[in-house]
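>>> Sharing a model that was predicted from the sequence below.
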Amino acid sequence: MQLIITNDYEELSERAAKIIIDTVKANPYAVLGLATGTTPLGLYKRLVADHEKNKTSYKHIRAVNLDEYKGLPSDHSQSYAYFMRKNLFGQIDIDLENTYIENGTAKDEMAECDRYDKLLGAMRRDIQLLGLGSNGHIAFNEPYTSFDSKTHVVDLAESTVRDNARLFNNADEVPKQAYTMGLSSIMQSKRILILASGANKAEAVRGAIMGEVTEAVPASILQRHGDCILIADKEAARLL
Ligand code: F6R
């Protein structure tokens, strides 16, 4: 795993944006695996600014997201589909038809997982962006998820519900289940870019990069990927 430590969140976002922009420029038909959450916001702002200023085009890009809350329709303001439209897709020239995410309100859970796995099989990501949970999760693969997992529905860990409550009015409103891309599908990406910012990620960063490869720390699986870059700011890297 390649490790880049930055002085702060701004520099982290800048470095990450450059990697994504270079990927898009090198292959205008690339498949991007994208993440939601607070961490990629600075990166997405820079992609939008670059699109406006330098006209980097996403016209032929396809984007596949990691996860979606179960039960939330795509027009719900807390859904990840909505997050992506608001923070990125609505501000660049990507065709919304080329953006993919699990359907949080699918009637048949198994059929939805199956649909997404087929889609992932047909669209290998050129680069997969990841955030890191404070408990070491990637996407919503919580500790002890099988390394062989494919798309599935998870019960979110209490710590994840607590972490995400800041984005809702209160913890009761946070959905307790989500659809998530599985760890084996994440590992199939040609390249992985994982971002971690802030002191509350320090333990997870240490587990991901230095610890034993174990299902107790889902992000530790990334040590087995041949082309993975971790960008951490100083605070997130303070235990290394
Ligand atoms: C989001 C996702 C999650 C987040 C992680 C970190 O699509 O899959 O794994 O990346 O929970 O979230 P933030 O960035 O909000 O700290």
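Here it is on my side, so go on.

>>> which residues of this structure fall in helices?
Secondary structure of the chain by DSSP state H: the helices cover 9-26, 41-54, 80-87, 109-122, 158-164, 183-187, 202-209.

>>> Select, out of those, the one closest to residue 229.
With distances scored as Cβ to Cβ, the stretch of the helices of the chain nearest to residue 229 is helix 9-26 (7.0 Å). (Glycine included, C-beta is placed from N, CA and C.)

>>> which residues are in contact with the closest one?
4, 6, 30, 32, 40-43, 45-47, 50, 56-58, 61, 126-127, 129, 191, 193, 195, 197-198, 229, 231-233 (Cβ atoms under 8 Å, 6 or more residues apart in numbering).

>>> Can you say which of those residues are buried?
Neighbour-count burial (16 or more other Cβ atoms under 10 Å) is assigned, among the contacts of helix 9-26, to 4, 6, 30, 32, 40, 42-43, 46-47, 50, 56, 58, 61, 126-127, 129, 191, 193, 195, 197, 229, 231-233.

>>> Out of the residues you listed, which sit inside strands?
Among these, DSSP state E puts 4, 6, 32, 127, 129, 193, 195, 229, 231-233 in strands.

>>> can you list these in JSON lines and add pLDDT and distance to the ligand?
Below are those laid out as JSON lines (pLDDT from 0 to 100; distance: Cβ to the nearest ligand atom, whole Å):
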{"residue": "4", "pLDDT": "98", "distance to the ligand": "17"}
{"residue": "6", "pLDDT": "98", "distance to the ligand": "15"}
{"residue": "32", "pLDDT": "98", "distance to the ligand": "13"}
{"residue": "127", "pLDDT": "98", "distance to the ligand": "15"}
{"residue": "129", "pLDDT": "98", "distance to the ligand": "9"}
{"residue": "193", "pLDDT": "98", "distance to the ligand": "12"}
{"residue": "195", "pLDDT": "98", "distance to the ligand": "8"}
{"residue": "229", "pLDDT": "98", "distance to the ligand": "15"}
{"residue": "231", "pLDDT": "98", "distance to the ligand": "13"}
{"residue": "232", "pLDDT": "98", "distance to the ligand": "12"}
{"residue": "233", "pLDDT": "98", "distance to the ligand": "12"}
